[in-house]
Every structure is written in structure tokens, then in C-alpha cells.
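1. Mind folding the following:
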Amino acid sequence: MKLLLCNVSWMKYYAGVTSDDTPRHGGEYVHQHGFGHEAINFKPHNGKVYGFVELRTGTINIKRLDPNAEKCAEDVLVAWRARSRRGSVIVGWYKHATVYSQLQQPIPGRSFQYRRRTISPWWIIKADHSDAFIVPPQYRFFGVPVSHKGFGSQTFVSFLDSGHDEVVSFKNKLLQYMNDAESGHYPSLRQGKKPLVDQVHKLKIERAAIDAASRYYGDQGYDVISVEREHVGYDLEARYKSDTLLIEVKGTNHRADHATVNLSPNEYRKSKSRTRQYRICIVTNALSVGQVNDFLWDPEEGVWRDENTGKRLSVEEATSANMTIQ
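-> Prediction:
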């Protein structure tokens, strides 16, 4: 397996520099200029994504990926890492990528705005947009032990090609993490008693969300019953006269601004097949105020919208779906 680990600055979405998404922990260049050329590493352009990584020598030794490569190495798994409060973590990846030995010229039309300037970034890696995956910021906890032997602590790229036991184990865990994340699952890598504490906390949030949603619909005159244990693709049924709503409830202890939740494959299939009846009820600040965000399908605009606030859901389809309040 050809694997390349690339270091970039921390951003939420890598889709351009905005007031809500500025690069951090990016080294001297980002500190001086306020941006890095990786700022749109995950923004699609004509069906492709183009990645930039800072290089000390200006080149990537692609012979370590493919001894027969000349200008580029094909079918490479590129993992992007960035420094965070948790240390160095994986923020996303490209599968089946093409890695060039030299930086490539900016592509016409591929740019972003920064302080009224149009920035056309250089790049050195490309992949199909369908082969790119960005980890939602709140789930970026897969750590990279960059200071350990074999992980390229002094470089911006690492090939992870040593046979050291820790490196081999890391690669196996990374592949499993990628598969889980693409299915909408973000298992914690912590060991010992901590996951149990996290699970208890998660259950408290889920219970608080169900209670808040039940009160919300009950206050509107609906008779609310729980169908959580029946695994039908939603949690509650709310009935009023001849009207029946199918309500999937998601809870988070975060604020509504850009809160992200996950629908299981079954839940997401149900949401698409019965959009007239289906409601996605996201309860934010679940353990305190319990703010209910009630989303229903708007067929005219083709979005999930909360009629009370005007907010809508941004949907990232995978096997499941990540949904972000905007």
C-alpha cells in the first residue's frame, strides 16, 4: 500500500478562508500571510480536489511511493494531519490520489478570497472529489505520534514505510478508522475506563434530547409515543387527528451554530423515502436549555429547513449522513 502523510494547518472545512474558518497552527508562512495554499484542499473543482503541502526541499520523493514513478505516483492513499489542542490529528484523506514530485501551477478558476485578494493556490496532489473525505472538526481525535521514530517529526511529509512495530500498528488502525469514519462512526481510541464515562454522558444527552423533543411536540397538541426500540428509522411518532409525524431525534451538548449530527443508514433512508412526514429534530445544549431545532423537508428548495429560525441543514452524504446547522 502506498501511503503518504502530509502536514497542513488546522482548518474546519478547507474550503476557503472565512471569518469562521481561519488557518491555525500552520507555521511561519501562515503566520506571515494569514493563509496557506492548503486553504481549499477539500473544495472540489470540476470534480477534483487538489492538495497542497509545504515542502522543505520543494519536492516529494515519489520514488519512495513507486520506484518506477517519473513525474508522479498513482493510486496513493494520502492522509492529511494538522496540529490541534489534542496534538497532531488526522483531518481527512484522499484515496487513489496522484502525487507529483514537483509543485504544480495554479489552475485557472480555482481560487479563494483573502482580504479582497484572489489567491490561486499551488498544488502537488490531486484526487477525485468522490475519493476525498474530511473529518468533521469535533470528531478529529485520531492522533499521530509525530515525535516517534518513523513518523517524520522533522518533515512536512512522511511515507510511513519503516517496518517499525509502532508504524505498522498505526497504519492498520488508521485504515480501520477511515473505514469507520466513512460509515459515519467515530470510535474513540482511548483505553481504560474513559469510554464508559463517555458512553454514560452520551446516553444522558440522548435521553435529554428525547425528553425535550417529546415536550416540544406535546406542547403543540400532538400525542407522542416512543418507537426507539423498534428500530424503524426514527425515534418518535407524533399524532394529531389524521396527521402523523415521524421524528428522528438527535442530541448534542453543543450550540446550534454549526452543530453536526449523524444519521444511521436506516435513519437516512427513511428520511429520504418519507420526506412529507419525516422530521429531523436536533436538540442543542441538550443538558442545559435543550433548544429544539425542528427541521422539515422544503421541496421547493430541496433542503431541510427549520421554519422557526430559518436555519437549514447542510448534508454530507456518505453511507450515513453528517448534517450541520447553518
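
2. where's S9 relative to V30, distance?
-> The gap separating S9 from V30 is 5 Å, by Cβ to Cβ, to the nearest Å. Every C-beta, even on glycine, is put in place using the N, C-alpha and C of the backbone.

3. Tell me which of the two has more neighbours.
-> Using other Cβ atoms under 10 Å as the criterion, S9 and V30 rank with S9 on top: 24 against 21.

4. what's near enough to touch that one?
-> Going by Cβ atoms under 8 Å, 6 or more residues apart in numbering, S9 touches 23-27, 30, 36, 38, 82.

5. For G16, see how far away G109 is.
-> From G109 to G16 the distance is 14 Å (Cβ to Cβ).

6. between these two, which one's more packed in?
-> Set G109 next to G16 and count neighbours by other Cβ under 10 Å: G16 wins out with 16 against 8.

7. Looks to me like the more buried one is in a helix.
-> No - the assignment for G16, made by DSSP: H, G, I helix; E, B strand; the rest coil, is coil rather than a helix.

8. count of residues packed around the nearest residue to it once chain neighbours are set aside?
-> Spatial nearest neighbour of G16, excluding adjacent residues (Cβ to Cβ, 6 or more residues apart in numbering): F112 at 3.9 Å. Residues lying near F112 (other Cβ under 10 Å) number 18.

9. thinking S158 is in contact with G152, fair?
-> Yes - in this structure S158 lies within contact range of G152 using Cβ atoms under 8 Å: 2.9 Å.

10. okay, and the common contacts of these two?
-> Contact with both S158 and G152 is made by residues L5, according to Cβ under 8 Å, 6+ apart.

11. Among those two, which residue is more densely surrounded?
-> S158 (22 against 18).

12. count of residues packed around L103?
-> Neighbourhood size, L103 [other Cβ under 10 Å]: 16.

13. Next up, the contacts around the residue nearest to G16.
-> 16-17, 35, 39-40, 43, 118-119, 121.

14. quick one: which two of these are the most distant?
-> K43 and T118 (14.2 Å; Cβ to Cβ).

15. and S183, what pLDDT?
-> Here the pLDDT value assigned to S183 is 87.

16. Point out where the chain drops to low pLDDT.
-> Applying pLDDT under 70 to the chain picks out residues 153-154, 187-197, 258, 274, 318-322, 326.

17. So which of the contacts of S9 wins on neighbours?
-> Most neighbours among these, by other Cβ under 10 Å: E38, with 26 neighbours.

18. quick check: longest strand of the protein.
-> strand 87-104 (DSSP state E).

19. What is the nearest of the contacts of S9 to A97?
-> Closest approach to A97 among the contacts of S9 (Cβ to Cβ): E38, at 14.3 Å.

20. surely that closest one meets Y50?
-> No - with contact defined as Cβ under 8 Å, E38 does not reach Y50; the gap is 9.9 Å.

21. Torsion angles phi and psi at K204?
-> phi -60, psi -40 (degrees, to the nearest 10).

22. can you tell me how far the residue located most distally from the centre of the chain sits from G51?
-> Residue farthest from the centre of the chain, counting by Cα atoms, centre = their mean, is K241 at 40.7 Å. Look at K241 and G51: by Cβ to Cβ, they are 55 Å apart.

23. I am finished for the moment; much appreciated.
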